[in-house]
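Visitor: pasting the structure only:
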């Protein structure tokens, strides 16, 4: 639903997504919508560490994507790093005068405890960046609950503190995700 909504708003030449290493389904659908027909084969090559993996020559971990021809920027293991990359990419579009571009970073709710979120929110706010910071909130970080691992209790209030619009949807509801992503984009 997210990929479909984004494809209605922006093309791969004006889009940059820095996905989470768990964003395979989103990236797969985005690639399909952009005419990339061999995403599954490419991922299989990466999973088996094959030299024929076009993203790393078989030297990378699973779901460490990099498909710049469709706007998928490099994924890395440390959580939170994608936030600054998305803000920087958005700033690059803005500096080039491309005012109909959009970038997106995808994180889990556990990553909201990282300083990277604050940095990206501040950059997006100060520089008025065309960026979506998507938080998948399933109330479970890798090893902690929200009460144990994060200080942010209210994402809407946090976004409001930076003057950034907040959108929320039920990630299990295709129509809700589609409409919310469309509205945010």
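Guide: Right, received. Where do you want to start? As the structure is a prediction and not an experimental result, all values here were calculated from the model. Residues are numbered from 1 along each chain as shown.
Visitor: in this protein, which helix is the longest?
Guide: For the chain, the longest helix by residue count, based on DSSP state H, is helix 81-95.
Visitor: which neighbouring elements make contact with that one?
Guide: strand 15-18, strand 102-108, helix 115-126, strand 131-136 (3 or more Cβ pairs under 8 Å, 6 or more residues apart in numbering; DSSP states H and E). From N, CA and C alone the C-beta is placed, and that goes for glycine too.
Visitor: possible to save these as TSV with distance to residue 38 and mean pLDDT?
Guide: Listed next are the helices and strands packed on helix 81-95 as TSV, based on distance: least, Cβ to Cβ, whole Å; pLDDT from 0 to 100:
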stretch	distance to residue 38	mean pLDDT
strand 15-18	19	95
strand 102-108	22	94
helix 115-126	32	96
strand 131-136	26	94
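Visitor: what's the closest of those to residue 54?
Guide: When the helices and strands packed on helix 81-95 are compared by Cβ to Cβ, strand 15-18 sits nearest residue 54, at 17.9 Å.
Visitor: about what we covered before: report the buried residues of the longest helix of the chain.
Guide: Residues 81-91, 93-94 are the ones in helix 81-95 that count as buried (16 or more other Cβ atoms under 10 Å).
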